[in-house]
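Colleague: Structure of the sequence below:
(one chain, ligands or ions: 2)
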Amino acid sequence: MRVWVPLDAAARALGADEVADTLAREFTVTRNGTRGMIWLEPLVEVERDGVRYGYGPVTPEDAASVAEAIRNDGEHPLALGAVEELPWMKAQTRLTFARVGVIDPLSVSEYQAHGGLVGLSRAIEIGPERIVEDVTQSGLRGRGGAGFPTGIKWKTVAGAKAPRKYIVCNADEGDSGSFADRMLMEGDPLTLIEGMAIAGIAVGAAQGYVYIRSEYPDAIRLMEAAIGKARQAGILGQSVLGSHHTYDMEVRIGAGAYVCGEETSLLNSLEGKRGVVRAKPPIPALEGFLGRPTVVNNVISLASVPWIMSHGAEEYAKLGIGRSKGTIPIQLAGNVKYGGLFEAAFGMSLEQIVNEIGGGTASGRPVKAAQVGGPLGSYIPHWNFDVPFGYEELAGKEGLLGHAGITVFDDTADMLKLARFAMEFCAVESCGKCTPCRIGSIRGVETIDRIATGDEEGIAILTDLCNTMKWGSLCALGGFAPFPVMSALTHFPDDFSGRREPRKEAAE
Ligand SMILES: Cc1cc2nc3c(=O)[nH]c(=O)nc-3n(C[C@H](O)[C@H](O)[C@H](O)COP(=O)(O)O)c2cc1C
Ligand code: SF4
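Modeller: Numbering: from 1, shown residues only. Ligands and ions are numbered 1, 2, ... in the order given. This is a model prediction of the structure:
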């Protein structure tokens, strides 16, 4: 009998290691990634006749009684039934995350048994031009935030003439409420490796780097171990899967500055320089790492490619709405009852996501707003929750899809405090290269403090300042910080009126 206990950082933080130790005294325990149902972690699974049954959340104190229930096939208050049949699992379209939580993340044979390497084999068969064409046809857009078409980026790098080219995976994942990159790297790192190898073949790059922030020690460890396994299995190295293509990669660790997620700043950091944003042009696709043509893609963008290669661009493009094709791993966090990762085709409404999938707030109070797309994303008020989840659809509501992280707030949220937090975040994380962001964000905090004391003139100044930052900043850190601020001000003017105590601390 096989027993599964997640090794994901969230499950470990909730006692998964202790649970695994107890169960390992009696059973063969395999560590898997998380299924994404964080409220059920640690989620213990037992496989019987090919079906996996769950128990959760299993605290270290519950482990012995769960072991007894598993041993005797008996009842247990934490028994959940077949995991795949749970409503949260059944409602998803898991393509990129199909293997996450299912397989041992470091087993190449299990990876292959669950469809791994089919995409890479096909990519080798069809060759660089067709790969780029298929990725373009799939409609895949960058999942890191800007939503730029991946196929076009790859075409630019493929067409550039240079003695060396590089693939850089952006695993900096600094957005609040975002954890999809981490979960993928911890739960199914070989998918990212496969995606990066396909990218390498497509553009003619023989070397890749995964830039992971130091706050992700588990992801770093698992990625490094998986790269070792991939080398042993001939997925990486001189001859990728026995072909004439050479591709290898390594992990690089970032110190954890938010701005190092911005692609040019990341490249500086990767070169050992200070993480300061570079002016564009030149774009990284032409002059990136060490001045060479470089694909810089997010983890999920790259990890989506093996599925596209193995199932076909049309199958992927069939899913979604408008120009938002395929699936998106939605990350639900904040004050939400069922927080976690939910992969679905684009197009669900925010209402469905927050209130049906997420079950509303954890506090049980009414939802006030949700911030979509990380710390630079707009606050969408609950009366605009009919907006479909898609790049253009959210932009139509002055919103941003970003990395698809959603942070939920109930009616006790103080929007002035949250607006102040956004400005302070920008001030703290600014790389300092341009004035609107470096100075503007500090003036922004001061102006919000003025408004908090009842100085109504501050509102016009704040609006003006936000416009200057929006149009005058060199990168999206300063350029997008006005979005949370202005959305809070526009939709919740009451929170900005009247005399209030000056707020010295940022929102927690
Ligand atoms: C301040 C700032 C932080 C960013 N952080 C990330 C990040 O953590 N991860 C990421 O993939 N992209 C991040 N981006 C977007 C990247 O600059 C870039 O667009 C992305 O890595 C390109 O990959 P994609 O096309 O696959 O999305 C950030 C951008 C800005 C302006
Ligand atoms: S907007 Fe901010 S982070 Fe971006 S380049 Fe300017 S100072 Fe640096």
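Colleague: Skipping its backbone neighbours, what lies nearest the most centrally placed residue in the chain in space?
Modeller: By C-alpha atoms, centre = their mean, the chain has its centre lying nearest to A180, at 3.5 Å. Nearest non-adjacent residue to A180, counting by C-beta to C-beta, 6 or more residues apart in numbering: P329, 4.2 Å away. Where you see a C-beta, it was placed from the backbone N, CA and C, and this is true even at glycine.
Colleague: Kindly report the same for H245.
Modeller: Spatially, and ignoring its direct neighbours in sequence, H245 is nearest to I201 (5.0 Å; C-beta to C-beta, 6+ apart).
Colleague: in this protein, which segments are predicted with low confidence?
Modeller: 499-508 (pLDDT under 70).
Colleague: For the stretch 101-250 of the chain, just list every one of the helices.
Modeller: Assigned by DSSP state H, counting those that start in this stretch, the stretch 101-250 of the chain shows helices spanning 108-113, 118-138, 150-159, 180-187, 189-203, 217-232.
Colleague: Which one, of those helices, ends up nearest to G498?
Modeller: helix 180-187 (39.6 Å; C-beta to C-beta).
Colleague: right, is the closest one up against ligand 1?
Modeller: No: judged by C-beta under 6 Å from any ligand atom, helix 180-187 stays clear of ligand 1, getting no closer than 7.0 Å.
Colleague: Summarise which helices and strands that helix is packed against.
Modeller: If contacts are counted by 3 or more C-beta pairs under 8 Å, 6 or more residues apart in numbering; DSSP states H and E, helix 180-187 sits against helix 189-203, helix 217-232, helix 299-311, strand 327-334.
Colleague: Pull up the residues of the chain that are close to ligand 1.
Modeller: 142-146, 148, 170, 172-174, 258-259, 261-263, 296-298, 301, 475-477.
Colleague: quick one, phi/psi of the residue in the stretch 1-150 of the chain that ligand 1 sits nearest to?
Modeller: Using C-beta to the nearest ligand atom, G142 is the residue of the stretch 1-150 of the chain that sits closest to ligand 1, at 2.0 Å. When read as degrees, to the nearest 10, the backbone of G142 gives phi -60, psi 130.
Colleague: Begin at 22, not 1, for the rest of this chat.
Modeller: Okay, using 22 as the starting number, the last item reads as G163.
Colleague: who's in contact with it?
Modeller: When contacts are counted by C-beta atoms under 8 Å, 6 or more residues apart in numbering, G163 is found next to 169-171, 174, 318-319, 322.
Colleague: just the strands in the stretch 322-471 of the chain please.
Modeller: 341-342, 345-346, 348-355, 361-366, 388-393, 400-402, 426-431 (DSSP state E, counting those that start in this stretch).
Colleague: quick one: contacts for the residue located most distally from the centre of the chain?
Modeller: Distance from the centre of the chain peaks at N93, with 39.8 Å (C-alpha atoms, centre = their mean). Applying C-beta under 8 Å, 6+ apart to N93 gives no contacts.
Colleague: what about it, distance to ligand 2?
Modeller: Distance of N93 to ligand 2, computed by C-beta to the nearest ligand atom, to the nearest Å: 59 Å.
Colleague: go on, D239?
Modeller: 28 Å.
Colleague: quick revisit: out of the helices and strands packed on helix 201-208, which is closest to Y230?
Modeller: If you check each of the helices and strands packed on helix 201-208 against Y230 by C-beta to C-beta, helix 210-224 wins as the nearest, at 9.1 Å.
Colleague: Could you quantify the relative orientation of that closest one and helix 139-159 as an angle?
Modeller: With axes from the mean of the first three to the mean of the last three C-alpha atoms, to 10 degrees applied, the angle from helix 210-224 to helix 139-159 works out at 60 degrees.
Colleague: Quick check: the residue of the stretch 72-221 of the chain found nearest ligand 2 vs V326, distance?
Modeller: Nearest residue of the stretch 72-221 of the chain to ligand 2 (C-beta to the nearest ligand atom) works out as G195 at 12.1 Å. Distance, G195 to V326, using C-beta to C-beta, to the nearest Å: 23 Å.
Colleague: Which of those two has more residues huddled nearby?
Modeller: Neighbour totals were compared for G195 and V326, and V326 leads with 31 against 19 (other C-beta atoms under 10 Å).
Colleague: what's the closest non-adjacent residue to that one?
Modeller: Distances taken as C-beta to C-beta, 6+ apart place G216 nearest to V326, at 4.3 Å, with adjacent residues excluded.
Colleague: tally of neighbours for the one you found?
Modeller: Count around G216 with other C-beta under 10 Å applied: 30.
Colleague: what does V189 give?
Modeller: Around V189 there are 27 other residues, counting by other C-beta under 10 Å.
Colleague: again, but for P98
Modeller: Neighbour tally, P98, other C-beta under 10 Å: 9.
Colleague: does it sit in a helix, a strand or a coil?
Modeller: Here P98 is coil, with the state taken from DSSP: H, G, I helix; E, B strand; the rest coil.
Colleague: how far away is M490 from G453?
Modeller: 14 Å.
Colleague: okay, those two: which has more neighbours?
Modeller: M490 (27 against 12).
Colleague: ok, that one - contacts?
Modeller: Applying C-beta under 8 Å, 6+ apart, the residues contacting M490 are 457-458, 461-462, 465, 499-500, 502-503.
Colleague: Can you classify it as helix, strand or coil?
Modeller: When the rule is three-state DSSP, M490 gets the label helix.
Colleague: re the thing from before, so which of the helices of the stretch 122-271 of the chain gets nearest V50?
Modeller: Here helix 129-134 is closest among the helices of the stretch 122-271 of the chain (C-beta to C-beta), at 14.9 Å.
Colleague: Can you list the buried residues in that closest one?
Modeller: 129, 131-132 (16 or more other C-beta atoms under 10 Å).
Colleague: Let me see the contact set for I124.
Modeller: 53, 131-132, 134-135, 209.
Colleague: Pick out whichever of those sits closest to A481.
Modeller: Lowest distance from A481 to the contacts of I124 (C-beta to C-beta) belongs to D209, with 50.5 Å.
Colleague: State the number of residues packed around the closest one.
Modeller: The local packing of D209 (other C-beta under 10 Å) involves 29 other residues.
Colleague: ok, now how distant is it from ligand 1?
Modeller: Distance from D209 to ligand 1, counting by C-beta to the nearest ligand atom: 17 Å.
Colleague: Hmm, that residue is touching L116, no?
Modeller: No: with contact defined as C-beta atoms under 8 Å, D209 does not reach L116; the gap is 11.9 Å.
Colleague: Ramachandran coordinates for the residue in the stretch 172-321 of the chain that ligand 2 sits nearest to?
Modeller: With C-beta to the nearest ligand atom, the shortest gap between the stretch 172-321 of the chain and ligand 2 falls at V298, namely 3.6 Å. Torsion angles at V298 (phi, psi; degrees, to the nearest 10) stand at phi -70, psi 140.
Colleague: measure it to G398 for me?
Modeller: Using C-beta to C-beta, we find V298 at a distance of 19 Å from G398.
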